[in-house]
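1. Provided below are the primary sequence and the corresponding predicted coordinates.
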Amino acid sequence: MSAATTDRTTPALPSLGAVYRSRAGVELKEFFRQRESVVFTLVFPVLLLVVFGAVLDYDLGSGVSFTQYFVAGVIAAGILGASLQNMAISIATERADGTLKSLYGTPMPRSAYFVGKVVQVLAVTVLIIAILLLVGVVFYDVDLPTGADWLTFAWVTALGAAACTLLGIAVSSLARNGRSASATVTPIALVLQFISGVFFQFSQVPTWMQTVASFFPLKWMAQGLRSVFLPDALAASEPAGTWELGRVALVLGAWCLAGLVLCVLTFRWQERGTR
Amino acid sequence: MTSTSAAPTSAAAPQAGAPLDPDAAISVRGLVKRYGAATAVDGLDLDIRRGEIFALLGPNGAGKTTTVEICEGFRDRDGGEVRVLGTDPASGGRRWKAQLGIVLQSGAGDSQLTCRELLRAQASYFPDPRDPDEVLELVGLTEKAGSRGRSLSGGQRRRLDVALGIVGRPTLLFLDEPTTGFDPEARRQFWSLIRSLRDLGTTMLLTTHYLDEAEALADRVGVIARGRLAEVAVPSELGGRGRAPAVVTWTEDGVRRSEATGAPTALVRDLAARFGGEVPDLAVARPTLEDVYLQMIGEERA
């Protein structure tokens, strides 16, 4: 045996920034090379916009087409898919197949795993929004936001994506594997989309469903985004008669906090019952 | 191949109640782990020296993987003391983990990344990694460098797991059933890889079901049964194997005959004289490691 290896002064651990970059690269490749996740998360919302935009082509009043209304909802649904659904399924999969356990056994700083995931969500979210806006503008004459609306667009997206990412990480701990995560999260997301004003005008949803929807972040994301894409005249048809941007921020912020607490309490690097 | 580090007199397991060995790569005293009402590890004592290859043998459910995963920091213990490279695994930080290489029984999971990308990512977590391409060469996966993990065969997957375990240049490498699913040739290649790592000074804790593997690689073997170490010895001495009588077999008058003897040479000489030359179907055998092992765990179970 050679003594050289044991006596050598140990070199410094790699910097946080270097490991973060490495993990970000891994997460981007993992997402964009997996056909299922790309189709499910990126292509599906675009298909929705194309189909609904073509079928439900009517005037909401004030010269606003339903597509203009729908683009806000489908962007909210796209953010939900890129964050909550994506995180719940991918992390449950990585926990079940041993990826997380292997990472735990390395000197990778634990924060790097989450930084990688956040970069993935950010990239996918920005991409899905860009594609939806492009399709909307080119094929359905969707009007882009103007002026301060872009700022609202940015913070609603950021806050909504953050809340849903944290929730997705928390939900992943409930599932036994990726398949069961998908089977749980996909129907819930679909129901939320129906009652949160994504596919229909929120004012047409029965009141009790509106109440249920208002406990979850998607309704508030869609509402915040409607304020971005619709003229203020249409705020009158919202349940409260205004866009309630303060409440949007409050509810999404509360979900961020709740999600964070749930993550800290429930996150596991290994399958249940193996410690 | 050398096993000079393990003299028979010091090969045994540490005495229960002895202090932790500060110079050992792994030192375990009185380790206890329970799962509900079941006790998986029940007062286990173990010292693994720096630079040696130690094979942990034992039937499924004997506590091998539990013991190894406690040493790796994956599981909590219910009692006893553990030091791995001088650190308690329950509180081991990044610096400590940087000195370990871990090949889990379950493997490293699915990925969309190529072998080379996976190794580069893994290397980026360590302070002084090996060159990923050299590691691919070492495990014989150079041709698969650009292939995604899921396109590999079972044996290639396992070699990728080993590559991921050694790319961080560990001083202590854990190998939990590393060659399951290997064909005989792949296993021989793996053995020479392990020997070259030993020559570089890497300490290794190996669990395996293949006794020929333990015999070929290990400086010492420990047999774990019902949560305790039943015996620790160099492979040729385990279970009193070195002192066991040899069995001489031959064919006489069309009948297969055998005789256990402490003096096989004398018996063979007598047989040669009796037959006046070649003894039909002559064979002299010592109990294999497998014979001794099966006898040991059989006794433990009885």
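-> That came in fine, so what should we check first?

2. how about the helices in the chain?
-> Assuming you mean chain A. Applying DSSP state H to chain A gives helices spanning A:4-7, A:16-32, A:35-38, A:44-55, A:66-80, A:86-96, A:99-104, A:110-140, A:149-172, A:178-195, A:207-213, A:217-229, A:245-266.

3. actually it's chain B I care about, not the one you picked
-> Under DSSP H, chain B gives helices at B:64-71, B:94-97, B:115-123, B:132-138, B:154-166, B:184-199, B:211-217, B:264-275, B:289-301.

4. what's the angle between the third one and helix A:110-140?
-> On the basis of axes from the mean of the first three to the mean of the last three C-alpha atoms, to 10 degrees, helix B:115-123 is oriented at 130 degrees to helix A:110-140.

5. helices or strands next to helix B:115-123 in the packing?
-> helix A:16-32, helix B:132-138, helix B:154-166 (3 or more C-beta pairs under 8 Å, 6 or more residues apart in numbering or on different chains; DSSP states H and E). (C-beta placed from N, C-alpha, C; glycine too.)

6. related to what we said a few turns ago, so which of the helices of chain B is the most surrounded?
-> Highest mean neighbour count of the helices of chain B: helix B:64-71, a mean of 25 (counted as mean count of other C-beta atoms under 10 Å in any protein chain shown).

7. how close does the nearest residue to B:A24 once chain neighbours are set aside get to chain A?
-> Excluding its sequence neighbours, the residue lying closest to B:A24 (C-beta to C-beta, 6 or more residues apart in numbering or on different chains) is B:D47, at 4.5 Å. Using C-beta to the nearest C-beta, to the nearest Å, we find B:D47 at a distance of 16 Å from chain A.

8. show me what contacts B:D47?
-> B:13-14, B:21, B:24, B:26-28 (C-beta atoms under 8 Å, 6 or more residues apart in numbering or on different chains).

9. what is the nearest of the residues you listed to chain A?
-> Set against chain A, the nearest of those by C-beta to the nearest C-beta is B:A24 (12.7 Å).

10. and that closest one, what's its pLDDT?
-> If you check B:A24, the pLDDT there is 93.

11. okay, now the unreliable bits of the chain?
-> In the absence of a named chain, chain A is used. The model of chain A has pLDDT under 70 over residues A:1-10, A:273-275.

12. the chain in question should be chain B.
-> Ranges of chain B meeting pLDDT under 70: B:1-11, B:300-302.

13. please repeat the previous calculation with a cut-off of 80.
-> B:1-17, B:107-109, B:149-150, B:180-182, B:239-244, B:287, B:295-302 (pLDDT under 80).

14. and B:L119, which of the helices of chain A is closest to it?
-> B:L119 lies closest to helix A:16-32 among the helices of chain A, at 11.7 Å (C-beta to C-beta).

15. that closest one: which residues count as buried?
-> A:19-27, A:29-32 (16 or more other C-beta atoms under 10 Å in any protein chain shown).

16. now, which of these sits nearest chain B?
-> A:S22 (3.8 Å).

17. name the residue of the stretch 101-250 of chain B that lies nearest to chain A.
-> Residue of the stretch 101-250 of chain B nearest chain A, by C-beta to the nearest C-beta: B:G109 (3.3 Å).

18. mind listing what the closest residue to that residue other than its chain neighbours touches?
-> Distance criterion C-beta to C-beta, 6+ apart; nearest residue to B:G109, sequence neighbours excluded, is A:T99 at 3.3 Å. By C-beta under 8 Å, 6+ apart, the contact set of A:T99 is A:93, B:108-111.

19. redo those residues as TSV? Include neighbour count and distance to B:D76.
-> Below are these laid out as TSV (neighbours: other C-beta atoms under 10 Å in any protein chain shown; distance: C-beta to C-beta, whole Å):
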residue	neighbour count	distance to B:D76
A:T93	22	25
B:A108	25	23
B:G109	19	23
B:D110	19	27
B:S111	22	28
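
20. closest to B:Q189 out of the residues you listed?
-> Distance ranking of the contacts of A:T99 against B:Q189, using C-beta to C-beta, places B:A108 first at 19.6 Å.

21. separation between the residue lying closest to that closest one once chain neighbours are set aside and B:D176?
-> Closest residue in space to B:A108, ignoring its immediate chain neighbours: A:S102 at 4.5 Å, by C-beta to C-beta, 6+ apart. Per C-beta to C-beta, to the nearest Å, A:S102 is found 12 Å from B:D176.

22. cool, and B:L56?
-> Separation of B:L56 from B:D176 (C-beta to C-beta): 9 Å.

23. what do the two both touch?
-> B:64, B:68, B:207.

24. up against chain B, what does the stretch 51-200 of chain A have?
-> Contact residues, the stretch 51-200 of chain A versus chain B (C-beta under 8 Å from any C-beta of the partner chain): A:93-94, A:97-102, A:104-109, A:112.

25. what is the most widely separated pair among those?
-> Between all members of those, the farthest pair (by C-beta to C-beta) comes out as A:T93 and A:P107, at 23.7 Å.

26. joint contacts of A:S102 and B:D176?
-> Common neighbours of A:S102 and B:D176 (C-beta under 8 Å, 6+ apart) are B:L104.

27. distance to B:F275 added to the helices of chain A, as CSV?
-> Shown next, in CSV, are the helices of chain A (distance: least, C-beta to C-beta, whole Å):
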stretch, distance to B:F275
helix A:4-7, 57
helix A:16-32, 70
helix A:35-38, 73
helix A:44-55, 83
helix A:66-80, 87
helix A:86-96, 65
helix A:99-104, 61
helix A:110-140, 72
helix A:149-172, 74
helix A:178-195, 69
helix A:207-213, 94
helix A:217-229, 91
helix A:245-266, 76
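
28. of those helices, which is nearest B:G92?
-> helix A:99-104 (11.2 Å).

29. give me the distance from that closest one to the chain's centre.
-> Computed by C-alpha atoms, centre = their mean, to the nearest Å, the separation of helix A:99-104 from the middle of its chain amounts to 24 Å.

30. cool, stretch A:212-229 as well?
-> 13 Å.

31. cool, and stretch B:103-117?
-> Using C-alpha atoms, centre = their mean, the offset of stretch B:103-117 from its chain centre is 22 Å.

32. export that stretch as PDB, just CAs?
-> What follows is stretch B:103-117, C-alpha atoms only, in PDB (Å, rounded to 0.1, in the frame of the first residue of the first chain):
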ATOM      1  CA  VAL B 103     -21.200   1.600  -5.100                       C
ATOM      2  CA  LEU B 104     -24.700   0.800  -3.900                       C
ATOM      3  CA  GLN B 105     -26.400  -2.500  -4.300                       C
ATOM      4  CA  SER B 106     -29.200  -0.800  -6.100                       C
ATOM      5  CA  GLY B 107     -27.000   1.100  -8.500                       C
ATOM      6  CA  ALA B 108     -27.000   4.800  -9.400                       C
ATOM      7  CA  GLY B 109     -30.500   5.100 -11.100                       C
ATOM      8  CA  ASP B 110     -31.700   6.000 -14.500                       C
ATOM      9  CA  SER B 111     -30.400   9.000 -16.500                       C
ATOM     10  CA  GLN B 112     -30.600  10.600 -19.900                       C
ATOM     11  CA  LEU B 113     -27.000  11.500 -19.600                       C
ATOM     12  CA  THR B 114     -24.200   9.700 -21.400                       C
ATOM     13  CA  CYS B 115     -21.600   7.700 -19.500                       C
ATOM     14  CA  ARG B 116     -19.000  10.400 -19.900                       C
ATOM     15  CA  GLU B 117     -21.500  13.200 -18.900                       C
END
